[in-house]
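> from the sequence below, what's the structure:
(one chain, ligands or ions: 2)
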Amino acid sequence: MRILVSDPLSEQGLAILGEHFTVDVLTKLSEEELIKKIADYDALVIRSGTQVTRKVIEAANKMKIIGRAGVGVDNVDVEAATEKGIIVTNAPEGNMLSAAEHTIAMMMGLARNIPQANASLKSKKWERNKFMGVEVNGKILGVIGLGRIGAEVAKRAQGLNMNILAYDPFISEEKAKELGVKLTTVHEIVKAADFITVHTPLTKETRNIIDKREFGMMKSNARIINCARGGIINEEALAEALQSGRIAGAAVDVFVNEPPFDSPLLGCDNLIATPHLGASTEEAQINVAVSVAEEIVSVLNGGVAKNAINIPSVKPDVMAVLAPYIQLAETMSKACAQLLGKNYERIEIFYQGEIAGKDTRPVTVAAVKGMLQVALGSAVNYVNANSLAKSRKVEVIESKSQTSDEFASSIKVRITKGSESQSITGTVVGNAAKIIGINEERVDLAPSGYIIVVKHVNKPNVIGPCCIVLGKNNINISGMQVGRVPIGQVTIMALNVDSEVSDAILKEMQSVEGIIDAKLIKL
Ligand SMILES: NC(=O)C1=CN([C@@H]2O[C@H](COP(=O)(O)OP(=O)(O)OC[C@H]3O[C@@H](n4cnc5c(N)ncnc54)[C@H](O)[C@@H]3O)[C@@H](O)[C@H]2O)C=CC1
Ligand SMILES: O=C(O)C(=O)COP(=O)(O)O
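Ligands and ions are numbered 1, 2, ... in the order given. Okay, the predicted model is just below:
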């Protein structure tokens, strides 16, 4: 397999990849060059320098995984990758401390005009009065985005005796309390803070979260820092606020366009800037490169992606419990879709018992995958199953009940088209998965191989002739389950058979008096 590394990656990461695959390091490729080359590769490793656009992804016909050696994936069209079934993964923790330290360094540099004073002295000037600074001690630091990096910045700033206000709609009061941080709104922060720092991803919601209006509310001695992503703070509004003296200064590591040679910010004396150096430490680069390389080795060898952004990822201990159910759910919905035999408009997955208390998202994705695979084959995988279901307008419904009947945990998959539906129930006993129900009938079947589901009237001389058809055609029956209903009523018989059964044989079975239908499920 071949890996393309299109941004600088540390030797340690390259060595891990090189042990398993052919690795090409080709940096600074244009979009056109990348499109031309990408079809040859099974995985792509990037940092912030490569734009992985929809066009690039459309050309990536062998690609299984895109690994971002760092945090931000705003340079990847994740939606396009998901539709194409490509895993997008990152290294969420490897550069967190470096980015937090850089933020603190930028704040201190900003407070004491260190870059400007350094440049002045090196041009043989001794301007002690010009570079009067401020202390950070006792000041208010507003943190917008209190995730991994935001929280590390808050902790370090507390060490400098700063008081922290934070805004993050996804952080609980409890977590904020644990960090000793007061949660409030963006507007309260911009009004009160002496220093403001942003640490969100760049999204629709966070783009321009600090704009002209927010600068209008700030104190005149406010200073603002962006070591997250260009565009979270509107660059034109920031340049105007700096040039007009509306605020005292800014420190910026990241820009809307990089390199930002046309940015109005570079002309502002009260701006200090670095060329996207937040993650540029020896330690961080080893961490992220090793993390992403190990992830790629795991995925391309059929293992799991721990840090995937576009598939539900769960902790390894939870995964150990879920794994047999993931396989079972996929098999059951594959069986169910074959029984229904037509396009479907809804899949329902009912979780009962202990499993209902777990994070069942990977099991649900597996059920959706199993159903779609019947029609779409290998074009569907864990990454694109949900998005394919959505684009085909198939509703996915999960429901849960923690009360269990005779099994500690069970799953029922029901697939519906109009007024017709089919359902299959299964469970895991020890490590063995089994199908315990087909529609309302109780069965006990291994969920593998070939199963013929025969709908018939419960009366004499139906099952025998039906089995004779199989025997006559040299099909061995390895297991049989018959639903228990009163004589004269309709029930099902499920037959495990050892080889494939042709349509002609199924037809012959259907012609037996009392047989209503006979369908083959291939698992
Ligand atoms: N300058 C550099 O070299 C580096 C920059 N970064 C950037 O730093 C940023 C933060 O990274 P992490 O802390 O690792 O990510 P994270 O995912 O741990 O934290 C992001 C936080 O932002 C919050 N958030 C999301 N939407 C929000 C909204 N609308 N308003 C307020 N908060 C919101 C989330 O709840 C989360 O707590 C990312 O943009 C990342 O790309 C990361 C590493 C290095
Ligand atoms: O990890 C991130 O989000 C970063 O911004 C670091 O970017 P880089 O890998 O240094 O191009």
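
> where does this structure get nearest to ligand 2, which residue?
The chain approaches ligand 2 most closely through G70 (2.6 Å), counting by C-beta to the nearest ligand atom. C-beta here means a position set from N, CA and C on the backbone, and glycine is covered the same way.

> ok, that residue touching V288?
Yes: at 5.3 Å, G70 counts as touching V288 under the criterion of C-beta atoms under 8 Å.

> okay, and the common contacts of these two?
A91, G94, N95, A279 (C-beta atoms under 8 Å, 6 or more residues apart in numbering).

> tell me the pLDDT at the first one?
Per-residue confidence (pLDDT) for A91: 96.

> number of nearby residues for it?
By other C-beta atoms under 10 Å, 26 other residues sit near A91.

> you'd agree it is up against G72?
No: A91 is beyond contact range of G72, at 10.9 Å (criterion: C-beta under 8 Å).

> domain parsing for the protein?
According to automatic domain parsing, the chain comprises the domains 2-92+285-303, 96-273, 312-447, 449-523.

> the first one vs ligand 1: in contact?
Yes: judged by C-beta under 6 Å from any ligand atom, domain 2-92+285-303 comes into contact with ligand 1 through G70, V71, G72, P92.

> in contact with the last one, which residues are there?
This means P92. V71, R148, N307.

> now, which of the shared contacts of G70 and V288 sits nearest M218?
A279 (28.1 Å; C-beta to C-beta).

> can you say which helix or strand has the closest one in it?
Per DSSP states H and E: A279 is located in neither a helix nor a strand.

> show residues contacting the helix or strand encompassing T416.
Assigned by DSSP H and E, T416 belongs to strand 409-417. Contact with strand 409-417 is made by 325, 328-329, 332-333, 336-337, 340, 342-356, 363, 367, 371, 404, 421-428, 436-437, as judged by C-beta under 8 Å, 6+ apart.

> now do 6 Å
With contact meaning C-beta atoms under 6 Å, 6 or more residues apart in numbering, strand 409-417 is reached by 329, 332-333, 336-337, 340, 342, 344-355, 367, 371, 421-427.

> can you give me the strands in the stretch 301-450 of the chain?
Residue ranges of the strands in the stretch 301-450 of the chain, as given by DSSP state E, counting those that start in this stretch, are 346-353, 395-401, 409-417, 420-429, 432-438, 441-445, 450-457.

> quick one: list the elements packing against the first one.
This points to strand 346-353. For strand 346-353, the packing partners by 3 or more C-beta pairs under 6 Å, 6 or more residues apart in numbering; DSSP states H and E come out as helix 361-376, strand 395-401, strand 409-417.

> can you do 10 Å?
helix 316-340, helix 361-376, strand 395-401, strand 409-417, strand 420-429 (3 or more C-beta pairs under 10 Å, 6 or more residues apart in numbering; DSSP states H and E).

> sheet partners, orientation included, of it?
When sheet partners are counted by DSSP bridges, strand 346-353 sits next to strand 395-401 (parallel), strand 409-417 (antiparallel).

> helix or strand for the residue lying closest to A222 once chain neighbours are set aside, which one?
Nearest non-adjacent residue to A222, counting by C-beta to C-beta, 6 or more residues apart in numbering: I247, 4.7 Å away. Using DSSP H and E, I247 falls within no helix or strand.

> what confidence value was assigned to I247?
At I247, pLDDT is 98.

> residues of the chain that sit close to ligand 1?
Near ligand 1, when you scan the chain using C-beta under 6 Å from any ligand atom, you find 70-72, 92, 95-96, 99, 144-150, 167-171, 199-203, 205-206, 227-229, 253-254, 276, 278-279.

> that older thread, ok, and the most crowded of the contacts of P92?
Neighbour counts for those (other C-beta under 10 Å) peak at V71, which has 24 neighbours.

> excluding its backbone neighbours, what's nearest N221?
Counting by C-beta to C-beta, 6+ apart, the residue nearest N221 is A248, at 4.8 Å.

> before we move on, what about N137?
N161 (4.9 Å).

> that neighbour in helix, strand or coil?
Three-state assignment for N161 (DSSP: H, G, I helix; E, B strand; the rest coil): coil.

> quick one, what contacts it?
By C-beta atoms under 10 Å, 6 or more residues apart in numbering, the contact set of N161 is E135, V136, N137, G138, K139.

> same question for N221.
Residues near N221 by C-beta under 10 Å, 6+ apart: V134, K139, D194, F195, I247, A248, G249.

> give the bridge partners for the last one, please.
So that's G249. Beta-bridge partners recorded for G249 (DSSP bridges): R223.

> for the fourth one, same thing?
With DSSP bridges applied, the residues forming beta bridges to F195 are L141, R223.

> so who does it touch?
Shown in contact with F195 (C-beta under 10 Å, 6+ apart): 107, 110-111, 134, 136, 139-143, 157, 162, 221-225, 248-249, 251.

> show me which of those residues are buried.
If you count burial by 16 or more other C-beta atoms under 10 Å, the buried members of those come out as 107, 110-111, 134, 136, 139-143, 157, 162, 222-225, 248-249, 251.

> now, which of the residues you listed lie close to ligand 2?
With the criterion set as C-beta under 6 Å from any ligand atom, no member of these is near ligand 2.

> could you look up the next helix or strand downstream of the helix or strand hosting E79?
Using DSSP H and E, E79 sits in helix 78-83. Using DSSP H and E, the next helix or strand after helix 78-83 towards the C-terminus is strand 87-90.

> quick check: closest non-adjacent residue to the residue in the stretch 201-350 of the chain that ligand 1 sits nearest to.
Using C-beta to the nearest ligand atom, G278 is the residue of the stretch 201-350 of the chain that sits closest to ligand 1, at 2.4 Å. Using C-beta to C-beta, 6+ apart and skipping residues adjacent in sequence, the residue nearest G278 is A99, 4.1 Å away.
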